[in-house]
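Fold the following.
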Amino acid sequence: KIHIALFVLVYLLVSSFGGAVRALAADETGNIEVITEGLITWFEGKDKEAFEIFSKLIENSENPVPFHVLNIMIQEGAAAPKGWTLEQINSKWYLTEESTETYKALLPLIDRYAQQKNERAKIFMGDMYRIGYGVEQDGKKALDLFLEPANQGSVYAQWRLGFLYANGNGVPQDYRQASEWYRKAAEQGYARAQANLGFMYDNGNGVPQDYRQAADWYRKAAEQGYADAQYNLGLLYANGNGVPQDYRQAAEWYRKAADQGEASAQNNLGVMYEDGHGVPQDYRQAMEWYRKAADQEDATAQFNVGFMYENGYGVTRNNEEAYFWFYLAFLNGDKNAQEHLDNLESGLSKAEIERAHHQNAVAKAYQLYHVA
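Take a look at the predicted model:
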């Protein structure tokens, strides 16, 4: 009955396209009617009104549709809503049972606009099929829906096509096609595509391996504040690939990404402080950055925290704490942790080992709960 009511409501709204956008009352936030009205406004090119509707919706709603739309709008050049970053918007874009029904209810509206060759409806519907939001996941349908907007110059659609080909989502994996679509979006200044194209050159996927080209594309994205590109540019400087080896530059780019919460960059910045490369050697700083990454379930950082406790670098030596972090790293797939666990077990009591195991069981349960 609920499904039928939602469908009827959407149908009634669809039948009256173009109505004036009314002010949002607090109790309407997250309401299917308001979401529908926002979609219609966005599809019809009223960007300012649509942005206002969805910006208000996200303040009190966990429904992913407003976050989904804002994600696309920001990727296409809009500023993030006040108090939000793109990463925060993306972190809220996940499905629940309730939101699955919202996508299903909105499908007739979205399909109707897509049939009219509305570029935004096609992009939105392409995402639905790419991920399986309210429809059965179908990479081929997603590709078909992205193709026309991409050929019309949509950087978001071009980037998504590159992603589909690079990962073989519903289509044969084709790095050459992926790099071509990434390049189209990258040449329009789209940071994510620039970073992806840099990665293709970095690894020789679909293009000849060329570290200089990788560095150039990473830099374009990094200077726009894209954390993944900042981290990868830091790697190139640390290893002297495509650029002169320069630990100071590496540390600077790692820091930019680390300050945005990029776990691998946080860990690598910790390594720079531990070894004194590009920054003064400082075990306390190293430990602080390792912990930031470790708390994000980065297994290498968890190993490094264990190593610091095992050796008393930047912290008081504590074998029980070391065991805890090595075991957590082991559970998360670090292959080097086992040797350290074996060495530590001989010096710990049975009670200390059991306590570390219990703490790890709690930590893993917390991780699984929050991932779910």
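
Any stretches of the stretch 51-200 of the chain with poor pLDDT?
By pLDDT under 70, the low-scoring segments of the stretch 51-200 of the chain are 95-98.

how about the strands in the stretch 101-250 of the chain?
Taking DSSP state E, counting those that start in this stretch to define them, one finds no strands in the stretch 101-250 of the chain.

Please enumerate the helices of it.
119-131, 139-151, 155-167, 175-186, 191-203, 211-222, 227-239, 247-258 (DSSP state H, counting those that start in this stretch).

Run a quick neighbour tally on Gln213.
17 (other C-beta atoms under 10 Å). Glycine gets a C-beta too; all of them are placed from N, C-alpha and C.

Could you point out which of the helices of the stretch 101-250 of the chain sits nearest Asn336?
helix 227-239 (19.8 Å; C-beta to C-beta).

Now do that closest one: distance to the chain's middle.
17 Å (C-alpha atoms, centre = their mean, to the nearest Å).

And it, what does it pack against?
Counting contacts by 3 or more C-beta pairs under 8 Å, 6 or more residues apart in numbering; DSSP states H and E, helix 227-239 is packed against helix 191-203, helix 211-222, helix 247-258, helix 263-275.

buried residues in it?
Ala227, Asp228, Ala229, Gln230, Tyr231, Asn232, Leu233, Gly234, Leu235, Leu236, Tyr237, Ala238 (16 or more other C-beta atoms under 10 Å).

want to throw these into CSV with pLDDT?
CSV is the format used below for the buried residues of helix 227-239 (pLDDT from 0 to 100):
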residue, pLDDT
Ala227, 95
Asp228, 97
Ala229, 98
Gln230, 98
Tyr231, 98
Asn232, 98
Leu233, 98
Gly234, 98
Leu235, 98
Leu236, 98
Tyr237, 98
Ala238, 98
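
ok, of these, which one's closest to Gly77?
Ala229 (17.8 Å).

residues in contact with that closest one?
Ala191, Gln194, Ala195, Gly198, Trp217, Tyr218, Arg219, Lys220, Ala221, Ala222 (C-beta atoms under 8 Å, 6 or more residues apart in numbering).

how near is Gly100 to Glu62?
Not Gly; residue 100 is Thr. 13 Å (C-beta to C-beta, to the nearest Å).

if we can go back for a sec, between the contacts of Ala229, which is closest to Tyr327?
Nearest member of the contacts of Ala229 to Tyr327, counting by C-beta to C-beta, is Ala195, at 34.2 Å.

Could you count how many residues lie near the closest one?
26.

And the contacts of Ala229, which of them are buried?
Ala191, Gln194, Ala195, Gly198, Trp217, Tyr218, Arg219, Lys220, Ala221, Ala222.

Pretty sure the third one sits against Asp216.
It refers to Ala195. No: counting by C-beta atoms under 8 Å, Asp216 is not a contact partner of Ala195; they are 11.7 Å apart.

hmm, back to that, of the helices and strands packed on helix 227-239, which is nearest Arg176?
Taking the helices and strands packed on helix 227-239 one by one with C-beta to C-beta, helix 191-203 is closest: 9.5 Å.

and the angle for the closest one with helix 175-186?
Angle of helix 191-203 versus helix 175-186, following axes from the mean of the first three to the mean of the last three C-alpha atoms, to 10 degrees, is 140 degrees.

Output helix 191-203 in CSV, but only the C-alpha positions, please.
Extracted in CSV, the C-alpha atoms of helix 191-203 (Å, rounded to 0.1, in the frame of the first residue of the first chain):
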residue,chain,number,x,y,z
ALA,A,191,39.9,16.9,-11.0
ARG,A,192,38.8,13.3,-10.5
ALA,A,193,39.4,12.5,-14.2
GLN,A,194,42.8,14.2,-14.1
ALA,A,195,43.7,12.0,-11.2
ASN,A,196,42.4,8.9,-12.9
LEU,A,197,44.3,9.7,-16.1
GLY,A,198,47.4,10.3,-14.1
PHE,A,199,47.0,6.9,-12.5
MET,A,200,46.7,5.4,-16.0
TYR,A,201,50.0,6.9,-17.0
ASP,A,202,51.5,6.0,-13.7
ASN,A,203,50.7,2.3,-14.2
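
any idea of the angle that helix forms with helix 227-239?
Relative orientation of helix 191-203 versus helix 227-239 (the same axes, to 10 degrees): 30 degrees.

for Met73, phi and psi?
Note on Met73: backbone dihedrals following degrees, to the nearest 10 are phi -60, psi -40.

Touching, it and Lys46? I think so.
No: look at Met73 against Lys46 with C-beta under 8 Å: they stay out of range, at 11.9 Å.

out of these two, which sits in the more crowded spot?
Using other C-beta under 10 Å, the more surrounded residue of Met73 and Lys46 is Met73, with 22 against 16.

How about the more buried one, nearest residue that isn't a chain neighbour?
Nearest non-adjacent residue to Met73, counting by C-beta to C-beta, 6 or more residues apart in numbering: Phe51, 6.3 Å away.
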